[in-house]
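Participant: No sequence on hand, only this structure:
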């Protein structure tokens, strides 16, 4: 299926990053990096140019929403999927307004994550 989709995982919780790493463990995906906060997310995005970023919303130093805005200023074709906890609906709306392609809600179900990610990537590429 061509080249693997290169993924940058951004979450301040190691166990959440590990969970996403497991979800993206197939042939179709390649984890190119991880970041623990929004500042690192922007730096790693610049360094790695991933196809997809999974972005936690609530993180120290810089929120996922601010990091999303910054990444999209660097590359308006970036595909960013927000990861939110239940009850963060207003933040999700703000994230989508900031340019996120879609969102997934914790606790993650692997099939849902992959479905949302594939949809976001095909929409992003179709509109490119």
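Facilitator: Good, I have the coordinates. None of the values given here were measured: they were computed from a predicted structure. Numbers count the residues shown, from 1 in each chain.
Participant: gap between residue 19 and residue 58?
Facilitator: 16 Å (Cβ to Cβ, to the nearest Å). (Glycine included, C-beta is placed from N, CA and C.)
Participant: more neighbours, these two?
Facilitator: Between residue 19 and residue 58, counted using other Cβ atoms under 10 Å, the more crowded position is residue 19 (19 against 15).
Participant: which residues sit in contact with the closest residue to the more buried one other than its chain neighbours?
Facilitator: Leaving aside its chain neighbours, residue 19 sits nearest to residue 108 (6.2 Å; criterion: Cβ to Cβ, 6 or more residues apart in numbering). When contacts are counted by Cβ atoms under 8 Å, 6 or more residues apart in numbering, residue 108 touches 19-20, 23, 83.
Participant: Could you list the low-pLDDT ranges of this structure?
Facilitator: Counting by pLDDT under 70, the chain shows low-confidence ranges at 1-2, 124-128.
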